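**Q** how would this look folded up:
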Amino acid sequence: MTATAPPDATPGPAGDTEDATALAGFGYRQELHRSLGRYASFAAGFSFISVLTTVFQFFAFGYSFGGGAFFWTWPAVLIGQLLVAACFAELAARYPISGAIYQWSTRLSTPAFGWFAGWIMVIGQVVVVAAAALALQVVLPAIWSGFQIVGGDPAPTTSTGAANAALLGVILLVLTTIVNMLDNRIMSAINRVGVTAEIIGACLIVVLLFTHVEHGPGVTLHTGGQGGAIGALLVGSFTAAYVLIGFDSAGEMSEETHAPRRTAPRTILTALAAAGVLGGLLLLAGLLAAPSLTDGRLATEGLSYVLTSSLGNGIGKALLVDVTIAIAVATLAIQTAGSRMLFSMARDGVLPFSAGLSKVSTRTGVPAGPALVVGGGAAAICLLNFLSPDAFLAIGTTCIAMLYLAYAMVTGPLLLRRLRGGLPTGGTDESGRPLFSLGRWGIPVNALALAYGLLMTVNLAWPRAAVYDPAGGHWYFQWFTVLFVAVTVAAGAAYRAYGRRPSPAAEPAESVA
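**A** The predicted structure is shown next:
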């Protein structure tokens, strides 16, 4: 692709012309509308993480395996992810391009390796969208029994609860797909309002639960009885691992952000840090305010049970409405990130149907094709819940493992680049300040980030029968994550070997100016 300045740059702040010119330096025209400010960029990362969505969705699972001690897996995972986020912040400053993981990995390694990183990431994002949409089942029936459309037990681990989760999830995906095909200013406005409501709601939940404490902090020292203390905590860490992903979305939206070299690195870190602190407080407050730690409800109903039992149906259900908003906004944001990844790869001509997937409406400034593909793919995955309630956990853990693997396919080449001479030096952001850099801490931080990511990927994908197939008889759920990753890689390899592969345009100069 020939680097050309956009003839029809979107009107906006004076810096937008410079941003478009900088993008042209990487070989791309400014097609997406650049309309996101700092808070919108923060909202993109925070809404993907969405502590209310994910903590409510996976609290019961974490407690059922790790007991109260699963709380301590939260700060451990947060530290690991902050190491990864610091590496990503450096890359966001130097390569402010949509398709962050794909673009970063390609420029740090080879086009083939970068393609697989992007392929694994985008498939993982489709699965994450499905997992987020399924979270509605955790809260809607608790607000009103009428939301249990299928009838029967609403618990996601039952056949009726799993089927209803699929139905609610597909309905939500239809709505988010429609929004994602509108102007990105509408999507951004919904994101900002949703994130603001989520932060306010999460803070209220934390404060209210801390005023209804039933137990002392010693409860965080008791592990569950499944698999011994170490095994229980390794599985209990799935909760934190599932929550604290998606902070790279701020980098994913770089081509739609004003002054991305200055904004994206900071919002990547602040979104993760804010979500980490708030989520940790939610976990602790939930454990301390739980009416009972032994009646089994905390391990099946999770935080929804704590809210309605401790705060009463009125306040509890009102707060669950806020959780519902957070789930809807999270699903929207994750779908947006996946759409931008598809668009970025299609723009380079390295995907099937690239011409259609890379088309951007001049009126809306968004690629509609990728939104349809991500939404349709996620809806299809949601339907797996009709097969068995075990699909709920299989889908959730698979998407985390896919993203962790894709992250490692960035931090790995980045570490090699550092050892061979480092990242491109020099250059300034839009305010004239030096680009974000880890400096002399780069190698140790990067090495720890890679080691953490690889170990957590193995932990997530390990085929534990007690976790993935507790009822027995569904070997494919026990091995679901391993099989899904293998099929994803095999399908990608088959396409690259036998499919139509136009010459990619993903190898422009590595200018950081």
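**Q** relative to Leu269, how far out is the closest residue to Leu460 other than its chain neighbours?
**A** Using CB to CB, 6 or more residues apart in numbering and skipping the chain neighbours, the partner closest in space to Leu460 is Ala401 (4.1 Å). Using the backbone N, CA and C atoms, a C-beta is placed for each residue, glycine as well. Ala401 is 24 Å from Leu269, where distance means CB to CB, to the nearest Å.
**Q** which of the two has more neighbours?
**A** Neighbour count, other CB atoms under 10 Å: between Ala401 and Leu269, Ala401 has more, with 27 against 20.
**Q** that one belongs to a strand, doesn't it?
**A** No. Counting by DSSP: H, G, I helix; E, B strand; the rest coil, Ala401 falls outside a strand, being helix.
**Q** give the contact list for it.
**A** For Ala401, the contacting residues are Gly124, Thr457, Leu460, Ala461, Thr481, Val485, by CB atoms under 8 Å, 6 or more residues apart in numbering.
**Q** ok, now Gly375?
**A** Per CB under 8 Å, 6+ apart, neighbours of Gly375: Val129, Leu173, Val174, Thr176, Thr177, Asn180, Gln335.
**Q** leaving out chain neighbours, which residue sits closest to the first one?
**A** Distances taken as CB to CB, 6+ apart put Ala378 closest to Val129, at 3.9 Å, once the chain neighbours are dropped.
**Q** what about that neighbour, how many residues nearby?
**A** Counted with other CB under 10 Å, Ala378 comes out at 30.
**Q** and the pLDDT at it?
**A** Model confidence at Ala378, given as pLDDT, is 96.
**Q** which helix or strand contains it?
**A** Secondary structure from DSSP states H and E places Ala378 in helix 368-382.
**Q** tell me the helix or strand right after the biggest helix by length in the chain.
**A** Ranked by number of residues, the top helix in the chain under DSSP state H is helix 303-347. Scanning forward in sequence from helix 303-347 by DSSP H and E, the next helix or strand is helix 354-357.
**Q** picking up where we left off before, from Leu234, how far out is the residue nearest to Leu460?
**A** 14 Å.
**Q** mind checking the SS state of the most centrally placed residue in the chain?
**A** Geometric centre of the chain, nearest residue: Gly246, 3.1 Å, by CA atoms, centre = their mean. Recorded secondary structure, Gly246: coil (three-state DSSP).
**Q** separation between it and Pro75?
**A** Distance, Gly246 to Pro75, by CB to CB: 19 Å.
**Q** isn't the residue nearest to the centre of the chain right next to Phe48, touching?
**A** Yes. The pair Gly246 and Phe48 qualifies as a contact (CB atoms under 8 Å) at a distance of 3.0 Å.
**Q** find residues that contact each of those two.
**A** Common neighbours of Gly246 and Phe48, using CB under 8 Å, 6+ apart, are Ala333, Ile334, Ala337.
**Q** sorry, back to before: next, the contact list for the residue nearest to the centre of the chain, please.
**A** By CB under 8 Å, 6+ apart, the residues touching Gly246 are Gly45, Phe48, Ile49, Val128, Ala333, Ile334, Ala337, Leu403.
**Q** now tabulate those in TSV and tack on pLDDT.
**A** Below are the contacts of Gly246 laid out as TSV (pLDDT from 0 to 100):
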residue	pLDDT
Gly45	92
Phe48	91
Ile49	92
Val128	93
Ala333	94
Ile334	94
Ala337	94
Leu403	95
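**Q** tally up the residues packed near Gly296, please.
**A** Neighbour tally, Gly296, other CB under 10 Å: 10.
**Q** confidence score at it?
**A** Value for Gly296, per-residue pLDDT: 84.
**Q** any idea what it is structurally, helix, strand or coil?
**A** Secondary structure, three-state DSSP: Gly296 is coil.
**Q** report the contact partners of it.
**A** By CB under 8 Å, 6+ apart, the contact set of Gly296 is empty.
**Q** separation between Tyr39 and Gly314?
**A** Noted for Tyr39: a distance of 32 Å to Gly314, by CB to CB.
**Q** send me stretch 357-377 as CSV with only the CA atoms.
**A** Coordinates of each C-alpha in stretch 357-377 appear next as CSV, following Å, rounded to 0.1, in the frame of the first residue of the first chain:
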residue,chain,number,x,y,z
LEU,A,357,-14.2,-6.4,5.5
SER,A,358,-11.9,-3.4,4.9
LYS,A,359,-14.6,-1.2,3.5
VAL,A,360,-15.3,1.9,5.7
SER,A,361,-18.4,4.0,5.3
THR,A,362,-17.5,7.6,4.5
ARG,A,363,-20.7,8.7,6.3
THR,A,364,-20.3,6.8,9.6
GLY,A,365,-16.5,6.2,9.6
VAL,A,366,-16.9,2.6,10.8
PRO,A,367,-16.4,-0.7,9.0
ALA,A,368,-19.8,-2.5,9.1
GLY,A,369,-18.7,-5.8,7.7
PRO,A,370,-16.4,-6.7,10.7
ALA,A,371,-19.1,-5.8,13.2
LEU,A,372,-21.5,-8.3,11.5
VAL,A,373,-18.8,-11.0,11.4
VAL,A,374,-17.9,-10.6,15.1
GLY,A,375,-21.5,-10.4,16.2
GLY,A,376,-22.5,-13.4,14.1
GLY,A,377,-19.6,-15.5,15.2
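**Q** no more questions from me, cheers.
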